[in-house]
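J.: From the sequence below, what's the structure:
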Amino acid sequence: MSTKTSKIPTLRVQGVGKIIKHELIPFTRQTASMLNAGMSILAVISTLEDQCAHPGFKRVLCVLRESIESGMPFSDGLRHFPQIFDDMYLNMVAAGEKSGQFAAVLRRLAAMLDASARLVRKVKSAMAYPTVVLSIALVIAGGLITFVVPVFTEMFEGFGSSLPGPTRMLVSASKFIRKYWYVLLPAIVALIFMFRKWKASKAGRYQYDRLILKLPIFGDLIQKVAIARFSRLFAQMLVSGVPILDAMQVVALSIGNKVIEESILAARDGIEQGNTLSASLEGKPYLPILMIRMIAAGEKSGRIDEMLDSVADTYDDEVETTLAALTSLMEPLLMVLLGLIIGSIVIAMYLPIFKLSTVIR
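T.: Sure, this is the predicted structure:
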């Protein structure tokens with residue numbers, strides 16, 4: 001596989017993100033449908049090229065058509081665009097070509113991509129609400145401290161009495177931000193840049209992923225998402241005819257969490273040494289016992305792919321249940337947090353006014 005890949009030049013195309021998000025699943029599903037209807041792969045790609053409206057993906061289809069016309073297998077044509085078609089996609093397509101189940105594999109691939117995208121959308125939509133609320137809270141708090149507090153500060157200075165502790169803290173924070181904003185902004189940008197650079201490093205990414213898995217509630221949610229993704233991808237690759245060692249390698253790199261990826265690669269080494277899949281997975285960090293027991297049952301019955309699909313369905317349901325509970329719980333909690341942040345600032349500003357009668361006397 002690696003020898004072939006190295007001989008095929010990588011071509012760049014614009015709008016990769018939009019292609020993966022909006023074009024890849026329809027392309028896979030439409031290709032499967034037309035192949036199933038009896039069309040040749042060349043006719044399918046030519047048809048899709050003619051009707052494609054996205055200029056970047058139209059170029060991809062043009063290159064695929066030219067590759068097929070030159071006698072190159074479809075899977076090798078896809079290797080021109082590794083940013084769009086990852087190793088999992090390529091391996092499943094290549095296995096489908098070899099097994100003669102090309103259309104069936106593409107149909108399963110489209111369903112799997114759709115399920116993964118749907119799960120990611122649910123997680124993102126659940127996280128969007130708290131992100132927006134917290135951002136609004138920070139913007140309002142920043143606006144009050146930067147523009148409103150200074151107006152009150154001038155009034156406070158004429159009181160001729162010491163201000164309450166919370167008010168003094170608020171005034172000091174306002175003066176500091178207004179005086180050193182040109183230092184604070186670059187410092188925040190530098191911190192964000194350093195964090196992203198650390199996270200992009202191998203050691204940093206591993207530590208970050210391990211920390212995320214240890215978070216209360218969210219760590220458990222991320223683990224379930226990763227296990228559901230592993231089970232779904234692994235099942236589809238096995239059904240498509242991809243060898244188990246290749247499937248384990250590709251799926252591990254597609255999980256999105258380095259800690260769980262390391263556990264799966266360690267299990268792959270166990271399989272390579274002659275152990276069963278369930279025995280190799282046993283005892284690995286962040287691989288749940290439920291999944292391992294279900295896989296062991298699938299090994300005994302000879303239906304491991306069906307059992308992996310059941311594992312994926314189980315964890316998908318758990319993720320949906322957790323997200324629904326989190327969403328309903330977050331709304332009142334975030335409102336309370338928003339009230340505490342804004343309310344604390346407002347109370348600190350008005351405390352001297354409440355004590356104004358005492359100051360006057």
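
J.: alpha carbons only for contacts and neighbour counts from here, please
T.: Noted.

J.: What strand or helix carries V311?
T.: Element membership of V311 [criterion: DSSP states H and E] is helix 304-354.

J.: tell me which strands and helices that helix is in contact with?
T.: helix 102-143, helix 149-157, helix 165-200, helix 218-239, helix 289-301 (3 or more C-alpha pairs under 8 Å, 6 or more residues apart in numbering; DSSP states H and E).

J.: Quick check: next helix or strand after the one helix or strand S33 maps to?
T.: Using DSSP H and E, the element containing S33 is helix 24-36. Toward the C-terminus, helix 24-36 is succeeded by helix 41-51 as the next helix or strand (DSSP H and E).

J.: what does that following helix contact?
T.: Contact with helix 41-51 is made by F27, T31, M34, L35, K58, L61, C62, L64, R65, I68, E69, F74, as judged by C-alpha atoms under 8 Å, 6 or more residues apart in numbering.

J.: any idea how far I295 lies from L265?
T.: Distance from I295 to L265, counting by C-alpha to C-alpha, to the nearest Å: 17 Å.

J.: and those two? which has more neighbours close in?
T.: Here I295 and L265 are compared on neighbour count by other C-alpha atoms under 10 Å; more neighbours surround I295, at 25 against 20.

J.: List the residues that contact the more buried one.
T.: For I295, the contacting residues are L277, S278, I304, M307, L308, by C-alpha under 8 Å, 6+ apart.

J.: swap in L24?
T.: Contact partners of L24, counting by C-alpha under 8 Å, 6+ apart, are I84.

J.: Give me the pLDDT value at it.
T.: Per-residue pLDDT puts L24 at 92.

J.: Which secondary structure state is assigned to H80?
T.: Using DSSP: H, G, I helix; E, B strand; the rest coil as the criterion, the local structure at H80 reads coil.

J.: That one contacts V13, correct?
T.: No. Assessed by C-alpha atoms under 8 Å, H80 is found out of contact with V13, at 10.1 Å.

J.: Which one of these two is surrounded by more residues?
T.: H80 (20 against 16).

J.: among the helices and strands packed on helix 304-354, which gets the worst mean confidence?
T.: Across the helices and strands packed on helix 304-354, helix 149-157 has the smallest mean pLDDT, namely a mean of 76.

J.: okay, the angle between that one and helix 165-200?
T.: Here helix 149-157 runs at an angle of 150 degrees relative to helix 165-200 (axes from the mean of the first three to the mean of the last three C-alpha atoms, to 10 degrees).

J.: coming back round to it: pipe the helices and strands packed on helix 304-354 into JSON lines and attach distance to G96 per row.
T.: Below are the helices and strands packed on helix 304-354 laid out as JSON lines (distance: least, C-alpha to C-alpha, whole Å):
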{"stretch": "helix 102-143", "distance to G96": "4"}
{"stretch": "helix 149-157", "distance to G96": "67"}
{"stretch": "helix 165-200", "distance to G96": "34"}
{"stretch": "helix 218-239", "distance to G96": "10"}
{"stretch": "helix 289-301", "distance to G96": "23"}
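
J.: Could you single out the most deeply buried of those?
T.: Among these, helix 218-239 has the highest mean neighbour count (mean count of other C-alpha atoms under 10 Å), at a mean of 22.

J.: after that helix comes which helix or strand?
T.: helix 244-254.

J.: now the angle from that following helix to helix 218-239?
T.: Angle of helix 244-254 versus helix 218-239, following the same axes, to 10 degrees, is 150 degrees.

J.: Could you find the closest non-adjacent residue to R178?
T.: T146 (6.5 Å; C-alpha to C-alpha, 6 or more residues apart in numbering).

J.: Would you confirm that K58 contacts F27?
T.: No. Applying C-alpha under 8 Å, one finds K58 not in contact with F27, separated by 11.3 Å.

J.: Tell me who's in contact with E306.
T.: A235, G298 are the contacts of E306 under C-alpha under 8 Å, 6+ apart.

J.: measure it to V225 for me?
T.: According to C-alpha to C-alpha, E306 and V225 sit 19 Å apart.

J.: How about G298?
T.: The spacing between G298 and V225, counted by C-alpha to C-alpha, is 21 Å.

J.: what does C52 give?
T.: C52 sits 33 Å away from V225 when distances are taken as C-alpha to C-alpha.

J.: Could you do S33 as well?
T.: For S33 relative to V225 (C-alpha to C-alpha), the value is 29 Å.

J.: Kindly report the same for V93.
T.: 25 Å.

J.: next one: A324
T.: According to C-alpha to C-alpha, A324 stands 14 Å off from V225.

J.: One more: P130?
T.: In this structure, P130 and V225 are 19 Å apart, going by C-alpha to C-alpha.

J.: Outline the domain layout of this structure.
T.: 2-85, 133-361 (automatic domain parsing).

J.: Need the phi and psi values for D86.
T.: Here is the backbone geometry of D86 (degrees, to the nearest 10): phi -80, psi -180.
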